[in-house]
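A.B. asks: Below: sequence and its predicted model.
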Amino acid sequence: MADRRAAAAVPALLFVVLTGLVAARFGPLVRLDAAVSGLARRFTPAHPAWRGTMSAITHTGDTPVLLSLAALALIVLLLRQDLTGVAFLLLTVTSASAVRIGVMLLIHRPRPVDRLTATSGFSYPSGHTTSSAIAAGIVIVIGWTLLTSRRSRIALAVVAGTWAALVGVSRVALLAHWPSDVVGGWLLACAATAAAAHAVWGSRVRATVAPPG
């Protein structure tokens, strides 16, 4: 039980700290963001294959794609009558979205200039990064409850996690976001996924082990 709480508390705390640094325009963070973004600005346009790959990856994190995947997952869970999975999915998505939008409007951080892909809204935290990481987290957690083989569980986690990581990298490579926007999205997704899993399955465990009253 303590491990589950820590899994949510640690990324949540790091997200709060990072958000404070971004809001305060913390000098070392601003310079690091600018340096990495500058490298991307020089490298990506000069390498068409890299730019094409990053563009293809970033579009897998577009809203229509992820909404379609979420709808499909919801249908599968409903057909399986897995109401616990449904609750986990809805809680994760709604909580992460509410926090991300609230922080984005509060911080209203501008994006890098000379962007290489279409963007909208403010920069922090990255929407594509948060949403893809949330999707990966949901797939991993629900898949973990459905798969019985340790090898298949690990393979699922590696594939889903790698995809989510690459979406985040693509946002920096295409100058859609600063690196700290992407890190913030990853932290928020980890915190929301772990907190929702603890809220749904943790309460279920407590109900199972509670002595009769």
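C.D. replies: Cool, the structure landed.

A.B. asks: Which parts of the protein are helices?
C.D. replies: Listed in chain order, the helices of the chain (DSSP state H) span 2-23, 27-43, 48-59, 63-79, 83-107, 127-146, 150-173, 179-197, 203-209.

A.B. asks: Of those helices, flag the one that's most buried.
C.D. replies: For the helices of the chain, the largest average neighbour count (mean count of other C-beta atoms under 10 Å) is found in helix 179-197, namely a mean of 25. In this view, the C-beta of every residue, glycine as well, is placed from N, C-alpha and C.

A.B. asks: outside of stretch 42-54, which residues touch it?
C.D. replies: If you take C-beta atoms under 8 Å, 6 or more residues apart in numbering as the criterion, stretch 42-54 is touched by 116, 169-170, 173-175.

A.B. asks: got TSV for those, with distance to Thr145 and pLDDT too?
C.D. replies: Formatted as TSV, those follow (distance: C-beta to C-beta, whole Å; pLDDT from 0 to 100):
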residue	distance to Thr145	pLDDT
Leu116	39	93
Val169	29	98
Ser170	30	98
Ala173	34	97
Leu174	35	97
Leu175	39	97
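
A.B. asks: Farthest-apart pair in the residues you listed, please.
C.D. replies: Within the contacts of stretch 42-54, Leu116 and Val169 form the most distant pair, 13.5 Å apart (C-beta to C-beta).

A.B. asks: ok, Ala157 touching Ile140?
C.D. replies: Yes. Taking C-beta atoms under 8 Å as the definition, Ala157 is a contact partner of Ile140 at 5.0 Å.

A.B. asks: got CSV for the helices of the chain, with distance to Ser120 too?
C.D. replies: Output for the helices of the chain, formatted as CSV (distance: least, C-beta to C-beta, whole Å):
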stretch, distance to Ser120
helix 2-23, 19
helix 27-43, 19
helix 48-59, 14
helix 63-79, 10
helix 83-107, 11
helix 127-146, 9
helix 150-173, 13
helix 179-197, 14
helix 203-209, 37
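
A.B. asks: any idea which of the contacts of stretch 42-54 is closest to Ser123?
C.D. replies: Leu175 (10.7 Å).
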